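Enquirer: need a 3D model of the following:
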Amino acid sequence: MTPRPHWLFGDQLGPHFLSPPHGGPDAQAPVVMIEARSVLSRRRFHRAKAHLVLSAMRHRAAELGDRVTYVRSRTYTEGLELALGRRVSHRSDAHHGSPRPARRPDDGARLTVCHPTSRRALDFVGALDGVEILPARGFLVPHDEFASWADRGTGRGLRLEGFYRWVRERHDLLMDGDAPTGGRWNLDHDNREPPPRGHDTLDVRAPWRPREDSIDEEVRHDLDRWERDGEVSFVGRDGPRLFPATRREALSALRHFVTHRLPDFGRYEDAMLTADPVMSHSLLSAPLNLGLLDPAECVERAERAYRAGDAPLNSVEGFVRQIAGWREYVWHLYWHFGEDYRHRNALRHTAPLPDWFLDLDADAVTARCLSTVLAQVRDTGWTHHIPRLMVLGSRALQDGWDPAAVTDWFHRCFVDGYDWVMLPNVVGMSQYADGGLMTSKPYTSGGAYIHRMSDLCGPCAYRPTDRTGDHACPYTAGYWAFLHRHRARLAANHRTAQAVRGLDRLKDLPELLDAAARRGDTPP
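Expert: Coordinates of the predicted model:
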């Protein structure tokens, strides 16, 4: 019996997506990969992101050699028909919008595929006749097990902390018997240090970086040609490639991080330095989300470093929490909340994203924190989680930008951005558009937080303590304007009620609100 071909999406590039039973009955089942230009032509993605994804796909195809049929086409449907040598048809009983449970093998299927990572892709493959959708890979917790956990938590919410503890127990991560290693589940309190004063950078080994090759050169040539021909349009800058595009590169990056950077990761996890955008962060989100790394190997390697005395517990716990906690949590909430979650807008924010933000025009911005972070996105397609949340996301929240448009921007402009990643992170965590389903309060602040956790404010034209006047910090003024705009809702929230009461002490509130209104959507 001829083995059925297996379709690999562009974020399913690691060996665990082809290991039995996901490669079909035969571990050497033929592989189909499709490079569909329609994905890039629909929206303005970051140029570096397009380069990374295409480079990773083409590198994987080169590794697979004769085993793979690699098709470059206009659409996925056209690519499938070219790869399979027949027309593809659609079923009338397609299953849409939610994760598919694991099913018994379908002997009648002519193609297998691992569960895609987006609803759009799931709907597409779910409507194809003769395709068997296999369980998702690249995550620690299967869909059905998360559903059981969520059902047990009914009435207590779906907060991260409970989920994280459950994953730790289930996978025996940083556990000593039935107790968490060190006696505490969460060492976040130890991981909030500001950057060391008087230092432009952390005193740690530089992050691992790849060397480009002929495949990268070919990708860049193709992207240039497609842009010249008007087929695609990008934002941001491309090159040189900064993130792994192969399994070997990804493993090198993981080893380098655990050996040289993990020990200092925890204490400065939330800090920012102008000249050191990567700090001690792992930079592993991109290869993880391409499927080049499996989360289990990442957290297990970090735990081994702790057990060997090579990294402190607070750093290892913080790293484990990001991957086994937050990443898993976001993945499952994406499916659990359903497609309607995309349209949540509890704060009724409808302002369009201004052109300077859409175009990553960092030079148009005066506020040094925002200009610096926007330039990092423009130049690399990446910043770590605090600039994303407390600089970029906070600006959008304070100015009342449409959360769906903000989600789309983060998806397009970050090399590690996918629909499942950004929808809960932006709608729930960053923009509080779900009204508290995911987090207990909006995450925004005045300039004092940025000043405390970074070196960004010193040379800035604005002053973090000034609410009004020529030197008024747009984050400080924006914070109070946000509290005023949503006063009734936030006064009823025990985590924000005290801050709202502070509005009554602001004698300059009318002046502050007038200045905010006059600024409009001009760059701050």
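
Enquirer: strands along the stretch 1-150 of the chain, start to end?
Expert: Along the stretch 1-150 of the chain, the stretches classed as strands by DSSP state E, counting those that start in this stretch are 6-8, 31-36, 68-73, 111-114, 131-134.

Enquirer: least confident secondary structure element in the protein?
Expert: The weakest-scoring helix or strand in the chain, judged by mean pLDDT, DSSP states H and E, is helix 76-84 (a mean of 85).

Enquirer: so it versus strand 68-73, what angle?
Expert: Put simply, helix 76-84 runs at 140 degrees to strand 68-73, going by axes from the mean of the first three to the mean of the last three CA atoms, to 10 degrees.

Enquirer: identify all contacting residues around helix 76-84.
Expert: Residues outside helix 76-84 that contact it (CB atoms under 8 Å, 6 or more residues apart in numbering): 5, 7, 32, 34-36, 38, 69, 71-73, 87-88, 110-111, 124, 128. Placement of C-beta: from N, CA and C, glycine included.

Enquirer: would you list the strands of the stretch 1-150 of the chain in CSV and tack on distance to residue 241, mean pLDDT and mean neighbour count?
Expert: Formatted as CSV, the strands of the stretch 1-150 of the chain follow (distance: least, CB to CB, whole Å; pLDDT from 0 to 100; neighbours: other CB atoms under 10 Å):
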stretch, distance to residue 241, mean pLDDT, mean neighbour count
strand 6-8, 21, 94, 25
strand 31-36, 17, 94, 21
strand 68-73, 20, 93, 18
strand 111-114, 26, 91, 23
strand 131-134, 31, 92, 21
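
Enquirer: among those, which comes closest to residue 338?
Expert: Among these, the nearest to residue 338 by CB to CB is strand 131-134 (18.4 Å).

Enquirer: so what strands line up beside that closest one?
Expert: The strands beside strand 131-134 in its sheet (DSSP bridges) come out as strand 111-114 (parallel).

Enquirer: contacts for the strand it pairs with?
Expert: Residues from elsewhere that reach strand 111-114 (CB under 8 Å, 6+ apart): 4-9, 12, 17, 22-24, 29, 32, 80, 84, 125, 128, 130-137.

Enquirer: and stretch 487-494, by the same measure?
Expert: So stretch 487-494 is in contact with 347, 436, 440-442, 483, 496-497, 499-501, 503, going by CB under 8 Å, 6+ apart.

Enquirer: go with 10 Å
Expert: For stretch 487-494, the external contacting residues (CB atoms under 10 Å, 6 or more residues apart in numbering) are 346-347, 432, 435-436, 440-442, 482-484, 486, 496-501, 503.

Enquirer: list the buried ones in that stretch?
Expert: 489-491 (16 or more other CB atoms under 10 Å).

Enquirer: from those residues, which land in helices?
Expert: With DSSP state H as the criterion, helices contain 489-491 from among the buried residues of stretch 487-494.

Enquirer: in a markdown table, list the residues you listed along with distance to residue 299.
Expert: Formatted as a markdown table, those follow (distance: CB to CB, whole Å):
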| residue | distance to residue 299 |
| --- | --- |
| 489 | 37 |
| 490 | 36 |
| 491 | 40 |
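
Enquirer: thinking again about what came up before, need the buried ones from the contacts of stretch 487-494 selected in PyMOL.
Expert: Isolation of the buried members of the contacts of stretch 487-494 (16+ other CB under 10 Å) is achieved in PyMOL through the command below:
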select buried, resi 346+347+432+442+482+483+484+486+496+499+500
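
Enquirer: how deep is residue 461 tucked in, by neighbour count?
Expert: Using other CB atoms under 10 Å, residue 461 has 10 other residues around it.

Enquirer: check residue 117 too.
Expert: 24.

Enquirer: residue contacts, it?
Expert: Residue 117 touches 9-12, 136, 138-139, 289, 291, 331, 334-335, 418-421, counting by CB under 10 Å, 6+ apart.

Enquirer: ok, back up a step: ok and the least confident helix or strand of the chain relative to strand 31-36, angle-wise?
Expert: 140 degrees.

Enquirer: buried residues, helix 76-84. List them.
Expert: Buried, per 16+ other CB under 10 Å, within helix 76-84: 76-77, 79-80, 83-84.

Enquirer: now swap in stretch 38-51 and tell me
Expert: Residues of stretch 38-51 classed as buried under the neighbour-count rule (16+ other CB under 10 Å) are 39-41, 44-51.

Enquirer: from residue 244, how far off is the nearest residue to residue 9 once chain neighbours are set aside?
Expert: In space, and not counting its chain neighbours, residue 9 is closest to residue 116: 5.8 Å by CB to CB, 6 or more residues apart in numbering. For residue 116, the distance to residue 244 equals 22 Å [CB to CB, to the nearest Å].

Enquirer: and residue 63, by the same measure?
Expert: The gap separating residue 63 from residue 244 is 13 Å, by CB to CB.

Enquirer: okay, those two: which has more neighbours?
Expert: residue 244 (28 against 14).

Enquirer: so that one, which of the three states?
Expert: coil (DSSP: H, G, I helix; E, B strand; the rest coil).

Enquirer: go ahead and confirm it touches residue 289.
Expert: No: assessed by CB atoms under 10 Å, residue 244 is found out of contact with residue 289, at 11.3 Å.

Enquirer: just give me the neighbour total for the residue nearest to residue 9.
Expert: Neighbourhood size, residue 116 [other CB under 10 Å]: 23.

Enquirer: wait, doesn't it sit right on residue 125?
Expert: Yes: under the criterion of CB under 10 Å, residue 116 makes contact with residue 125 at 6.2 Å.

Enquirer: circling back: of all pairs in the buried residues of stretch 38-51, which one spans the longest distance?
Expert: Longest distance between any two of those is 17.6 Å, between 41 and 48; criterion CB to CB.
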